[in-house]
Structure formats: C-alpha cells, structure tokens
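# Here is my input; please provide its structure:
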Amino acid sequence: MGRDLGRGEFFIEFDIYFTRYYHTSMVKARQQDKSHWYSEHFDELIEVIQDIAGDKRLLTEFLLDLWTPTEIREMSKRWQIVKMLQDKVPHNKIAKKLGVSVVTVTRGSREMSNPEGGFQHVLKELDI
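Below you'll find the model as predicted:
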C-alpha cells in the first residue's frame, strides 16, 4: 500500500501523474486545432508587438492601453509563476506568494513540461 498523502502532497502527486500521462495528447490537440483562439488578428498583434519591442516605453504604453489593470496583474503573475517553477519552487509556495490558485500554477507547470513550448524557448533564450 502507498503512504498517506497530505492535501498538498496529493495535489503535487496528481500534477505529476497528469503531466506524465496526459500532456502529450494535450500538446498534439493544441497543435492540431488552433481554431478556438487563433485568427489573423492574433498574427497582427504579434507583429505589432515585435515591431515595437525595441522601444520599452512605447511597448509599455501599448500594453497598458491594450490590457485592463486586472489582465496586467494576471499576465505579470503568470510570468513570475514560470520563473519560480524554473527555480523548482513548490506549487503551494508559488500559489501562496503570488495569491493565485494551485490550479493556475499547475497549468503553468504543464505548459513548461512541453520541451518545444514557448516557455522553454524563452527561458533558454533569456538564459534563465
């Protein structure tokens, strides 16, 4: 028989199980079907961000106009989640420190487990 897990340990074990057994199918599905989020408007937005990325002031003003204050806070927290996960900080500590749910941290963890995903490429590019 296995040992009894505390609530936090259970969620960590579940996350490891979920990531290991379901991540591959999720990645394939995401790569095959972008229809629920992708549009030419997304491409245009990426091009605009790429074009102004060299001007930090302009990029900041653009993002402040584009996102609501709540979206700005949430996007900023998600990047902190990625960096903390990269540093191997436990999910429950990340959630507590940033005031987010363990589910949000787990989603970031699943995305980071994709070696071809954007998070991994950015972390490598920035040498984090």
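
# where's the most centrally placed residue in the chain relative to residue 82, distance?
Closest to where the C-alpha atoms of the chain average out (Cα atoms, centre = their mean) is residue 108, at 3.8 Å. Counting by Cβ to Cβ, to the nearest Å, the separation of residue 108 from residue 82 is 6 Å. Heads up, the C-betas are built off the backbone N, CA and C, glycines and all.

# and for those two, which residues touch both?
Common neighbours of residue 108 and residue 82 (criterion: Cβ atoms under 8 Å, 6 or more residues apart in numbering): residue 119.

# Only the buried residues of the helix or strand where residue 94 lies, if you could.
In this structure, residue 94 is located in helix 91-98 according to DSSP states H and E. Residues of helix 91-98 classed as buried under the neighbour-count rule (16 or more other Cβ atoms under 10 Å) are 91, 94, 95, 98.

# Can you name the next helix or strand after that helix?
helix 102-112.

# for the chain, what spans make up the helices?
Read by DSSP state H, the chain holds these helices, from start to end of the chain: 7-32, 40-52, 56-66, 69-86, 91-98, 102-112, 118-125.

# so where is the protein shaky, pLDDT-wise?
Counting by pLDDT under 70, the chain contains low-confidence residues at 1-35, 37.

# Export the buried residues of helix 91-98 to CSV and append columns for distance to residue 113.
As requested, these are arranged in CSV below (distance: Cβ to Cβ, whole Å):
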residue, distance to residue 113
91, 13
94, 15
95, 18
98, 20
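
# quick check, nearest of the residues you listed to residue 43?
If you rank those by distance to residue 43 using Cβ to Cβ, residue 98 comes first, at 30.7 Å.

# Tell me how many other residues crowd the closest residue to that closest one other than its chain neighbours.
With sequence-adjacent residues excluded and distances taken as Cβ to Cβ, 6 or more residues apart in numbering, residue 98 is closest to residue 77, at 5.0 Å. The number of residues packed near residue 77 is 18, by other Cβ atoms under 10 Å.

# Could you do residue 103 as well?
Residue 103: 12 surrounding residues under other Cβ under 10 Å.
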